[in-house]
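Colleague: give me the fold of what follows.
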Amino acid sequence: MKKVNTLIRVKIVFVLFILPNFLHAQTTVTTTPPTPESSIKYPQFQFKGLFQARFMANTTNDVDVLGVHHSTGEVTQTSFDIKRMRVGLNTKLSEATEIVILVNLADFKSDTKGKVLENAYGKYTFNKYIAVTGGQFRPAFGIEELVPVDIIKSFDFSNQYYEFGKNGWTSFQIGASVTGAVDIGKIPISYAFSILNGNGKNQEKDSDNGKLYSTRWVLGLSKKHKINLGLNGGIGAVSTQDVFAVGADITSDFKLTDKFTFDLQIEYKQGTNHNLYFSLPVTGRTPNVADYQMRGVYFLPNLRYLIDYKKLTSLELSCRYERFDPSYKINSNLRQTYTPMISLEFGKAYTGRIEMGFEIDRFARDIPDTSSYSDNLFLIQFQCRL
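Modeller: Sure, this is the predicted structure:
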C-alpha cells in the first residue's frame, strides 16, 4: 500500500512540476525568434550602374544631330553617342542612415566643369513621417524628378525639366530637404520641403546669398488605378530679384487585361526664367525679371504589353507631346515636341532595353544657326542597368 501511495505521489509531482517545464522547453525550441536589429551587419553596400548608347540621324537638311542649324551646310547628320555611363554606390551605415554617390563617366567626353558628379548626399530617416537629406541630389518638384532616367517612358526627360533645372528647381542641386508620408483619412499623402542654392551641381559656392524654397505634395487618389495628383510650388531670390515656380501633375496606371497596361503622365509647370534674364545684356532686357517667364505642359501615354518570351519581357509604345515656351511674355517662340517611341524590354525592371523612334521639334519661329530650328531626329537607343 505504501508503494502505491509513493508511486501516486511521483506521478503527481511529474504532472505538476516536471511536465510543464518539459512542454515549455519544447515550445521554446520550435519557435524562431525575430532577428534583432543589432545582429544585422553594417555598413551594407549596393552598387548600381547604367549604360546608354545611341545612334542618331537628323533627317532635316542643314541641321546636325544636336539640333543646331548650320547655314553653311557643313553639318554632321549621323553619329553614334554614349549618352550615359553611370556608376553609383548606396551605402547603409545603419537602419536609418545612408550615403548615396552617383557619377556619370560619359561627361568626360566634353568639358567636365560642373559635370560628372551627380548624386552626393546623406539621408537620415527618423520614421515614415520624416527623413532629412543633405548634399547634392534631385529635389522633388514634379514627376520626372522622382523617376530615374533609365525607367522613364521616353528617350530622355522633357524640355521643361532641363529648363527648370537651369533655373535651379529641378535636376541635380545642392541643398537640404525634408520628406515624409502621412495618411489623412483614406488618402495617402507624401510631401517634400527643399532649400537649395539653385545654381546647379558641382558648384564651389552659391552664386549669391539668395536661396530657392520649394515644396511638393502628392495625393493618392486611387490605389487601384494608381492615380496620384502632385502639386508643386516654390519662391526664392536670385541676385536680389524675386523668382517663383509652380506646377501640377497627374499620373495613372490602368490594367486593361492580364497582359495590357496603360499609364499616363500629364505635367504642367510655370516659373520665372531668371537664367535667361541674366544671360541677356542689360540693354537688351527689361528691368523686371518677372517679364521673363517660362511655361510648359506635356502628355505622355504609354501602352505596355507583357510578352515573357525567352529573354523578351515586354513591348511598349509611347508618344510624348510637349509644348514649351522659355519666354512666353516677351519674344515668345513656342516649341512643340513629338516623341513617338517603341521599346523592347529584356529582363525585369528594364535590365536591358532597346528603343527606337523620333524626336520631332516644331518652333513657331525658326532662327537660323541656332538650336531653335525645326527638325526631325531619328534615334535608336540601347541601355543596360543593374
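
Colleague: which parts of this protein are helices?
Modeller: 2-13, 19-30, 159-166, 274-279 (DSSP state H).

Colleague: who does the shortest one touch, helix- and strand-wise?
Modeller: Right, helix 274-279. Helices and strands touching helix 274-279, by 3 or more C-beta pairs under 8 Å, 6 or more residues apart in numbering; DSSP states H and E, are strand 241-255. All C-beta spots, glycine's among them, are computed from the backbone N, C-alpha and C.

Colleague: and the strand it packs on, what does it pack onto?
Modeller: strand 212-222, strand 227-238, strand 260-272, helix 274-279.

Colleague: can I get those in JSON lines including mean neighbour count?
Modeller: Formatted as JSON lines, those follow (neighbours: other C-beta atoms under 10 Å):
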{"stretch": "strand 212-222", "mean neighbour count": "18"}
{"stretch": "strand 227-238", "mean neighbour count": "19"}
{"stretch": "strand 260-272", "mean neighbour count": "19"}
{"stretch": "helix 274-279", "mean neighbour count": "19"}
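
Colleague: now render these as JSON lines, adding distance to Thr78.
Modeller: Listed next are those as JSON lines, based on distance: least, C-beta to C-beta, whole Å:
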{"stretch": "strand 212-222", "distance to Thr78": "40"}
{"stretch": "strand 227-238", "distance to Thr78": "39"}
{"stretch": "strand 260-272", "distance to Thr78": "31"}
{"stretch": "helix 274-279", "distance to Thr78": "31"}
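
Colleague: pull the number of nearby residues for the closest residue to Lys205 other than its chain neighbours.
Modeller: Nearest residue to Lys205, sequence neighbours excluded (C-beta to C-beta, 6 or more residues apart in numbering): Asn197, at 7.9 Å. By the measure other C-beta atoms under 10 Å, the count of residues near Asn197 is 19.

Colleague: next one, pLDDT for Asn197 please.
Modeller: Asn197 carries a pLDDT value of 97.

Colleague: distance of it relative to Ser171?
Modeller: 13 Å (C-beta to C-beta, to the nearest Å).

Colleague: re earlier: let's have the helices and strands packed on strand 241-255 in TSV, adding mean pLDDT and distance to Val246.
Modeller: TSV is the format used below for the helices and strands packed on strand 241-255 (pLDDT from 0 to 100; distance: least, C-beta to C-beta, whole Å):
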stretch	mean pLDDT	distance to Val246
strand 212-222	97	10
strand 227-238	97	5
strand 260-272	97	6
helix 274-279	96	15
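
Colleague: ok, which of these comes nearest Thr133?
Modeller: strand 212-222 (13.3 Å; C-beta to C-beta).

Colleague: and the strands in the stretch 1-150 of the chain?
Modeller: Secondary structure of the stretch 1-150 of the chain (DSSP state E, counting those that start in this stretch): strands at 44-58, 78-92, 97-104, 117-127, 130-137.

Colleague: surely Leu146 is in contact with Ala140?
Modeller: Yes. Leu146 is within contact range of Ala140, at 6.0 Å (criterion: C-beta atoms under 8 Å).
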